[in-house]
Structure formats: C-alpha cells, structure tokens
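Q: Generate coordinates for the sequence data below:
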Amino acid sequence: MKTALKITNIQKRYGDVAALDQVDIEIFDGEFFSLLGPSGSGKTTCLKVIAGFEVPDSGTIHLFDEDVSSIPPFKRDVNTVFQDYALFPHMNVRENVGYSLKIKKFLKMIKKD
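A: Alright, predicted model coming up:
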C-alpha cells in the first residue's frame with residue numbers, strides 16, 4: 001500500500017509549550033484517519049504543520065513520498081477545513097466546500113442545484 005502522509009519526528013514549540021513533541025504518523029492511501037484529543041493536545045497545530053501554515057521546529061512531512069517540509073502551503077496538495085469561521089462569507093456551504101475542487105479544476109465533481 002502506498003503511503004499518502006508520513007510525518008516523522010515532528011516537533012513544534014511555542015515558547016516553553018511543546019505543542020507537538022516527536023509526533024510520528026503514517027497514513028496509507030485510501031485509509032480513513034481521525035485525529036482526536038482534548039483541547040490543547042496539538043491537533044490543530046499538527047494539521048497546520050501538515051498544511052504548511054506552521055513551520056515545525058524539526059521533523060519531516062511527506063505526501064506520497066515527496067518531502068513537502070519546505071514547500072509553501074499553496075503548493076501542497078492538501079486541504080484543511082478549520083473549526084472556526086474560516087469560510088468565504090459570500091459563498092454558501094456547497095461553494096465553500098467545493099472551492100478547492102474548483103481551483104484544482106474538478107468542476108465536474110461540483111454539482112449545481
């Protein structure tokens with residue numbers, strides 16, 4: 001099975017707080033994965049590091065065997081849906097969810113009512 005995401009020894013600190021401390025995750029292509037934990041456990045930081053919105057202090061991130069650790073967010077083939085209001089206010093739910101598909105030219109997959 002092909003590895004879709006592999007993060008190795010990721011560390012991220014905010015001052016004295018270790019948000020991520022030597023995190024290792026491997027997710028295979030086609031797997032369904034959930035990241036669960038209490039508030040403050042590093043879930044959002046982990047997702048931000050994967051997406052490139054935060055730079056880890058150490059460790060590597062591989063997407064389909066490509067090291068994307070130093071690639072900017074807009075060049076990574078990942079999407080993030082934040083729990084807080086990071087939606088386009090001028091778009092409805094379908095348009096917000098389908099936005100990344102539209103950008104990637106998957107227009108056929110976005111059905112209009």
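Q: Specify the residue ranges that define each domain of the chain.
A: Structural domains assigned to the chain are 3-70, 81-113, following automatic domain parsing.
Q: Comparing those domains, which yields the minimum mean pLDDT?
A: Out of those, the stretch the model trusts least by mean pLDDT is domain 81-113, with a mean of 69.
Q: now the domains of the chain in TSV, with mean neighbour count?
A: Placement of C-beta: from N, CA and C, glycine included. As requested, the domains of the chain are arranged in TSV below (neighbours: other Cβ atoms under 10 Å):
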stretch	mean neighbour count
domain 3-70	14
domain 81-113	10
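Q: gap between the residue lying closest to Ile25 once chain neighbours are set aside and Val97?
A: Distances taken as Cβ to Cβ, 6 or more residues apart in numbering place Ile7 nearest to Ile25, at 4.9 Å, with adjacent residues excluded. When Cβ to Cβ, to the nearest Å is the yardstick, Ile7 and Val97 sit 25 Å from each other.
Q: same check, this time on Gly59
A: Noted for Gly59: a distance of 30 Å to Val97, by Cβ to Cβ.
Q: In the chain, mark out all the helices, start to finish.
A: Secondary structure of the chain, counting by DSSP state H: helices at 43-51, 93-103.
Q: That'll do, ta.
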